[in-house]
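# Sequence below, structure please.
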Amino acid sequence: MRRTVDGNSAGETTTGLRRLLSLPGLYNAYDTLVGNPAVRRAFVQDFVRAAPGANLLELGCGTAKLLRYLTDVTYTGIDISEAYIRAAWRRYGSRARFVVGSVTETNFGPRHSFDIVMAFGLLHHLDDASAERALSRAKEALKPAEVLNAQAGKGIKAKAGNRRKNAAYVRQGEWFFIPAGGMAVDEKLVLANEPLSRGAGSKPHWAEFCYRMGGETVYVCAHRPNGVTLSQYKVILARKPKAKGWGWRTMLRDAAVYVKGRIRHADHATITLHGWHRVLMNTEGQSKAMRNVAFLD
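Numbers count the residues shown, from 1 in each chain. Take a look at the predicted model:
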């Protein structure tokens with residue numbers, strides 16, 4: 001457990017009944033009495049849906065009651081109550097990291113790029129300005145580590161980090177495009193008018209010029225939008241000969257992708273990238289809700 005002392009409560013309300021509930025024992029008893037355990041279980045199962053190995057951050061974690069329903073994850077919990085964090089650490093300290101501090105100010109720690117950020121019963125404890133600040137920080141924590149490193153390298157401040165374009169990257173929807181400097185490519189392998197897709201039937205972003213490295217070759221069609229390997233493809237055709245007419249195309253899954261020129265999408269304004277840019281996607285792909293999503297190019 002790491003203790004962080006903040007100068008003030010940053011808009012967090014701890015008076016009246018909430019003052020009584022600041023005692024972990026009373027809080028846990030009240031929580032059980034009003035039926036919150038069932039609600040928490042449903043919240044984790046139906047909305048969080050964390051995939052094994054996911055890196056989770058919980059803001060306002062209290063005594064970390066959500067952790068009871070989360071297995072095989074990397075968990076960081078932050079709460080302003082030292083008593084709550086002490087109770088959480090006694091129960092879950094062997095498989096979690098806890099920080100005492102304000103969700104609006106405290107450093108999230110070394111694993112600052114998270115796959116999922118959760119807040120259960122937090123916002124009503126905050127005033128409007130603090131709630132906005134907490135949500136902004138949650139959004140920042142979901143950026144890929146490469147994006148955060150690029151921001152740090154360019155000295156990007158918090159406000160500029162929320163813009164769609166700054167010195168570190170250009171953003172279109174959930175995609176980040178990071179300048180690749182003087183990258184040299186084999187011009188014979190540059191593709192024109194290529195789709196970038198999260199898979200699962202999502203609308204693609206179309207890149208005027210695209211160059212890719214590595215990745216896994218897969219076969220994609222409307223019936224298998226995330227792609228299948230060659231062996232899986234052969235099994236499908238053997239079992240369903242008519243599947244040969246499904247309109248398959250060969251693509252790369254999870255390749256390192258670089259693009260430049262005009263980037264188009266049906267739901268976003270077209271952007272123009274001068275020079276090669278690395279393509280990265282927000283890290284929420286680690287949630288089970290996104291486990292059938294693949295980076296297809």
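# what about the longest strand in this structure?
The single longest strand within the chain, with elements called by DSSP state E, is strand 268-281.
# Show me what the mean pLDDT comes to for it.
In this model, strand 268-281 has a mean pLDDT of 93.
# List the pairing partners of that strand within its sheet, with orientation.
With DSSP bridges as the criterion, the sheet partners recorded for strand 268-281 are strand 175-179 (antiparallel), strand 256-265 (antiparallel).
# which parts of it are buried?
Neighbour counts using 16 or more other Cβ atoms under 10 Å place 268, 271, 273, 276-281 of strand 268-281 among the buried residues. Where you see a C-beta, it was placed from the backbone N, CA and C, and this is true even at glycine.
# picking that back up, quick one: which of the strands paired with strand 268-281 is nearest Val185?
With respect to Val185, and counting by Cβ to Cβ, the nearest of these is strand 256-265 at 7.2 Å.
# Could you single out the nearest of the buried residues of strand 268-281 to Ala243?
Set against Ala243, the nearest of the buried residues of strand 268-281 by Cβ to Cβ is Met281 (29.0 Å).
# any idea how far Lys165 is from that closest one?
From Met281 across to Lys165, the span is 17 Å (Cβ to Cβ, to the nearest Å).
# before we move on, what about Asp115?
The value you get for Asp115 to Lys165, if Cβ to Cβ is used, is 25 Å.
# the more surrounded of these two?
Under the neighbour definition other Cβ atoms under 10 Å, Asp115 and Lys165 were set side by side, and Asp115 has more, 23 against 12.
# thought the more buried one was touching Asn55?
Yes. Contact criterion Cβ atoms under 8 Å: Asp115 and Asn55 qualify, at 4.8 Å.
# Just list the residues touching the nearest residue to His265 once chain neighbours are set aside, thanks.
Ranked by Cβ to Cβ, 6 or more residues apart in numbering and with sequence neighbours excluded, the top spatial neighbour of His265 is His205, at 4.6 Å. His205 is in contact with 172-173, 175, 195-197, 263-265, 268, counting by Cβ atoms under 8 Å, 6 or more residues apart in numbering.
# which residues in the stretch 1-150 of the chain form strands?
Listed in chain order, the strands found in the stretch 1-150 of the chain under DSSP state E, counting those that start in this stretch are 2-3, 55-59, 74-79, 97-100, 116-118.
# Count the neighbours of Pro241 for me.
Using other Cβ under 10 Å, Pro241 has 9 neighbouring residues.
# shaky segments in this structure?
Counting by pLDDT under 70, the ranges of the chain that qualify are 1-35, 109-112, 198-201, 282-297.
# sorry, back to before: measure the residue nearest to His265 to Asn193 for me?
From His205 to Asn193 the distance is 12 Å (Cβ to Cβ).
# Check Leu273 too.
The gap separating Leu273 from Asn193 is 14 Å, by Cβ to Cβ.
# before we move on, what about Glu187?
16 Å.
# Looking at these two now, which is surrounded by more residues?
Applying other Cβ under 10 Å to Glu187 and Asn193 shows that Asn193 carries more neighbours, namely 12 against 8.
# which residues does the more buried one contact?
By Cβ under 8 Å, 6+ apart, the residues touching Asn193 are 206-208.
# which element is it on?
Element membership of Asn193, judged by DSSP states H and E, is strand 191-196.
# and that strand, which strands flank it?
Strand pairing for strand 191-196, determined by DSSP bridges: strand 205-213 (antiparallel).
# And the contacts of the helix or strand that the partner strand is followed by?
Stepping forward along the backbone from strand 205-213, the first helix or strand reached (DSSP H and E) is strand 216-221. Applying Cβ under 8 Å, 6+ apart, the contact partners of strand 216-221 are 226-230, 232-233, 246-255, 294, 296.
# What is the helix or strand just after strand 216-221 packed up against?
On the C-terminal side of strand 216-221, the closest following helix or strand by DSSP H and E is strand 224-228. Contact partners of strand 224-228 among helices and strands, from 3 or more Cβ pairs under 8 Å, 6 or more residues apart in numbering; DSSP states H and E: strand 216-221, strand 249-253.
# Apply 10 Å and report the result again.
Strand 224-228 makes packing contacts with strand 216-221, helix 230-239, strand 249-253 when contacts are defined by 3 or more Cβ pairs under 10 Å, 6 or more residues apart in numbering; DSSP states H and E.
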